[in-house]
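Trainee: Model the following, please.
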Amino acid sequence: MLHEGAHIIDIGSMSTRPGAKMVSAEDEFQRLLAPLESIMEHFPGIIISVDTIHSKTAVKTLEIGAHIINDISSGRMDENMMDTIAVYEAPYIIMHMKGTPSDMQLNPVYEDVVTEVFDFLSERVILCKEAGITDVIIDTGFGFGKSLEHNYTLLRQLKYFGNLNLPVLAGLSRKSMVCKPLKVSPEHALNGTTAANMLALLNGANILRVHDVKEAVETVKIYEMYNGS
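Mentor: Modelled structure (predicted):
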């Protein structure tokens, strides 16, 4: 991934796919420790993001040398998370999710998905600032408690989230919102993912979270040529 042009390596040891069960901070960290130490030993100087909802995991990984915490719960599942991020002065990725991974896709309902997701992120940003966090990245949470229609509505309206004046992360890679319209498995969703990533960039995404780095980097280069940047 680094050789192909990745700027950040995001590491997690707890599945957050629909239907996934939560694991304890202790189990999560034990899974993370060896890979995290090995990566840092072999690739010193890289930027590492740790995907966790647990403040205890955040503390331990930041002390080892991780740089960013990526929290799908935006601090809702651990009341100590925001204070922890502030103490370590780490960048913090906050994401919208309706429910939890175990139940988020059962029947997600919104009156206005864009407004509700925006309001949620806006409230969490305020809490981040009150806690003393200065570097926040927002993620609308594609596939996390959203129907196919909700996901594409958010994608079309992604520029609206620029009103928060924060970097916007888009994680579309090989998700069901790509697979379902094309009737393909995740293993065959690369072309659809590339198309979705380009739409995200055109609609204001600043960071792409991907599985296929080479193709994503090429997408960014074409976008930059098109955009004159």
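
Trainee: Would you map the strands across the chain?
Mentor: 8-12, 47-51, 68-71, 92-95, 136-139, 168-170, 207-208 (DSSP state E).

Trainee: Redo these as JSON lines? Include mean pLDDT, mean neighbour count and distance to residue 194.
Mentor: Heads up, the C-betas are built off the backbone N, CA and C, glycines and all. As requested, those are exported to JSON lines (pLDDT from 0 to 100; neighbours: other Cβ atoms under 10 Å; distance: least, Cβ to Cβ, whole Å):
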{"stretch": "strand 8-12", "mean pLDDT": "96", "mean neighbour count": "18", "distance to residue 194": "19"}
{"stretch": "strand 47-51", "mean pLDDT": "97", "mean neighbour count": "20", "distance to residue 194": "22"}
{"stretch": "strand 68-71", "mean pLDDT": "98", "mean neighbour count": "25", "distance to residue 194": "23"}
{"stretch": "strand 92-95", "mean pLDDT": "98", "mean neighbour count": "26", "distance to residue 194": "22"}
{"stretch": "strand 136-139", "mean pLDDT": "98", "mean neighbour count": "23", "distance to residue 194": "20"}
{"stretch": "strand 168-170", "mean pLDDT": "98", "mean neighbour count": "23", "distance to residue 194": "13"}
{"stretch": "strand 207-208", "mean pLDDT": "98", "mean neighbour count": "20", "distance to residue 194": "10"}
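
Trainee: For residue 119, find the nearest of the ones you listed.
Mentor: strand 136-139 (12.4 Å; Cβ to Cβ).

Trainee: if we can go back for a sec, columns distance to residue 181 on top of the strands of the chain, output as TSV?
Mentor: As requested, the strands of the chain are exported to TSV (distance: least, Cβ to Cβ, whole Å):
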stretch	distance to residue 181
strand 8-12	26
strand 47-51	27
strand 68-71	27
strand 92-95	23
strand 136-139	22
strand 168-170	17
strand 207-208	19
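
Trainee: Which of those sits closest to residue 155?
Mentor: Using Cβ to Cβ and comparing the strands of the chain, the one that lies nearest residue 155 is strand 168-170, at 8.0 Å.

Trainee: Which strands or helices does that closest one pack on?
Mentor: Judged by 3 or more Cβ pairs under 8 Å, 6 or more residues apart in numbering; DSSP states H and E, strand 168-170 is in contact with strand 136-139, strand 207-208.
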